[in-house]
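A.B. asks: Sequence and predicted structure are below.
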Amino acid sequence: MCLAVPVKVVEVEGNRATVEFAGNRRTASLMLVPQAKVGDWVLLHAGFAITVLEEEDARESLRLLGCLPESGREGE
């Protein structure tokens, strides 16, 4: 089974981004979504951002995965 996780883009340099998930940061490729920019939410799978998400959809996905506290304001 594969899992893609919504993450927030916090920095972009070329086709690479720094993304944040649950307070952790990692590098991700933006080759598949070159339009992604700082502040966007993207779906991350195997180190690749595979689609840009609406913030509401990203937060709902994280809530369903159990990754957000009750306040719903993770990482802000």
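C.D. replies: Cool, the structure landed. As the structure is a prediction and not an experimental result, all values here were calculated from the model.
A.B. asks: Strands of the chain, start to end?
C.D. replies: Ranges of strands within the chain are 5-13, 16-21, 24-29, 41-45, 48-53, based on DSSP state E.
A.B. asks: Redo those as TSV? Include mean pLDDT and mean neighbour count.
C.D. replies: The way it works is simple: take the backbone N, C-alpha and C, and place the C-beta from them, glycine included. Shown next, in TSV, are the strands of the chain (pLDDT from 0 to 100; neighbours: other CB atoms under 10 Å):
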stretch	mean pLDDT	mean neighbour count
strand 5-13	97	18
strand 16-21	96	18
strand 24-29	96	14
strand 41-45	96	21
strand 48-53	97	17
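A.B. asks: And those strands: which comes nearest residue 61?
C.D. replies: Closest approach to residue 61 among those (CB to CB): strand 5-13, 4.9 Å.
A.B. asks: Sheet partners, orientation included, of the closest one?
C.D. replies: Sheet partners assigned to strand 5-13 using DSSP bridges are listed as strand 16-21 (antiparallel), strand 41-45 (antiparallel).
A.B. asks: Residue 62 is nearest to which of the strands of the chain?
C.D. replies: With CB to CB as the yardstick, what comes closest out of the strands of the chain is strand 5-13 (5.6 Å).
A.B. asks: Excluding its own residues, what touches the closest one? List them.
C.D. replies: 17-21, 25, 28, 30, 36-45, 49, 53, 57-59, 61-62, 65, 67, 75 (CB atoms under 8 Å, 6 or more residues apart in numbering).
A.B. asks: mind redoing it with 7 Å?
C.D. replies: 17-21, 25, 30, 36-44, 53, 58, 61-62, 75 (CB atoms under 7 Å, 6 or more residues apart in numbering).
A.B. asks: how far off strand 24-29 does it point, in degrees?
C.D. replies: 70 degrees (axes from the mean of the first three to the mean of the last three CA atoms, to 10 degrees).
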